[in-house]
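In: sequence first, predicted coordinates after that:
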Amino acid sequence: MDKPLKTYPTIACCGLDCGLCPRFYTVGPSRCPGCVGPNFFNKHPTCSFITCCVKKKGLEVCGQCSEFPCPKFKSEEEYLQWEGSSSYPSPKKIPSNLNFIKKHGIEKFILQQKKRINLLETMLKDFDDGRSRSFFCRAACLLSLADLTNSLDKATHKIKTAQIRQNDVKNKAKILKEIINEIALKERVELFKKK
């Protein structure tokens, strides 16, 4: 078996948070293994970021490259304006993810990302009503760790106080989403464009 090309498929070469993507948590053949994760090339064509960063330079992410940021990247303002899709992680975090890695190293980034992934996995396990995965993934990507932790703590307290049954996932999801939306509004974090 060939040696994996990347150690951390939860962060894309280009800086997307693959570990916070709804498709990373999909069950079945449409599940994405993350950037150059197991079986990646059977599901996805390669991209210019993977070709340059991983295949040519042997790096995990572009933030480790001495030439970063190169012309492949948009301006930070363009990323902040770019909406992307609810089926993928927000591109708004690309510049901050890669700049963090450039400054502090990939290991420190992965430690922070693992905390986000753990919080997201708790949301998906305990609060997903079958319609909230993209919402929770986007929140895990865009809100601070403190806001995510506080949201879960407040929701758990409210559920316990209101004596909502643990298997009443619909009401649990509603409570957590309301709390997250409240925090996002207060912090001016746009989780989804209003239609």
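Out: Yep, it's here.

In: could you list the low-pLDDT ranges of the chain?
Out: Counting by pLDDT under 70, the chain shows low-confidence ranges at 1-4, 79-87, 193-195.

In: all strands for it, in order.
Out: With DSSP state E as the criterion, the chain has no strands.

In: helices or strands up against the lengthiest helix in it?
Out: In the chain, taking DSSP state H as the definition, the longest helix is helix 106-127. Applying 3 or more CB pairs under 8 Å, 6 or more residues apart in numbering; DSSP states H and E, one finds that helix 106-127 contacts helix 94-104, helix 133-142, helix 145-161, helix 169-187. Glycine gets a C-beta too; all of them are placed from N, C-alpha and C.

In: adding mean neighbour count and distance to Glu78, write these out as CSV.
Out: Listed next are these as CSV, based on neighbours: other CB atoms under 10 Å; distance: least, CB to CB, whole Å:
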stretch, mean neighbour count, distance to Glu78
helix 94-104, 18, 9
helix 133-142, 24, 17
helix 145-161, 16, 25
helix 169-187, 17, 22
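
In: can the ones you listed go into TSV with extra columns for distance to Pro45?
Out: Below are the helices and strands packed on helix 106-127 laid out as TSV (distance: least, CB to CB, whole Å):
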stretch	distance to Pro45
helix 94-104	20
helix 133-142	23
helix 145-161	33
helix 169-187	34
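
In: quick one: which of those is nearest Pro22?
Out: Closest of those to Pro22 is helix 133-142, at 4.7 Å (criterion: CB to CB).

In: give me the distance between the closest one and the centre of its chain.
Out: Distance of helix 133-142 from the chain centroid (CA atoms, centre = their mean, to the nearest Å) equals 7 Å.

In: repeat that for stretch 148-168.
Out: Here the centre of stretch 148-168 is set off from its chain's centre by 23 Å, with CA atoms, centre = their mean.

In: contacts for that stretch?
Out: 116, 119, 122-123, 127, 139-140, 143, 171-172, 175-176, 179-180, 183 (CB atoms under 8 Å, 6 or more residues apart in numbering).

In: and which of those is nearest Phe68?
Out: Arg116 (22.3 Å).

In: tell me the buried residues in the longest helix of the chain?
Out: 106, 109-110, 113, 116-117, 119-120, 122-124, 126-127 (16 or more other CB atoms under 10 Å).

In: give the closest residue to Met123 in space, chain neighbours not counted.
Out: Among residues not flanking Met123 along the chain, Phe136 sits closest, at 4.3 Å (CB to CB, 6 or more residues apart in numbering).

In: thanks again, I'm all set now.
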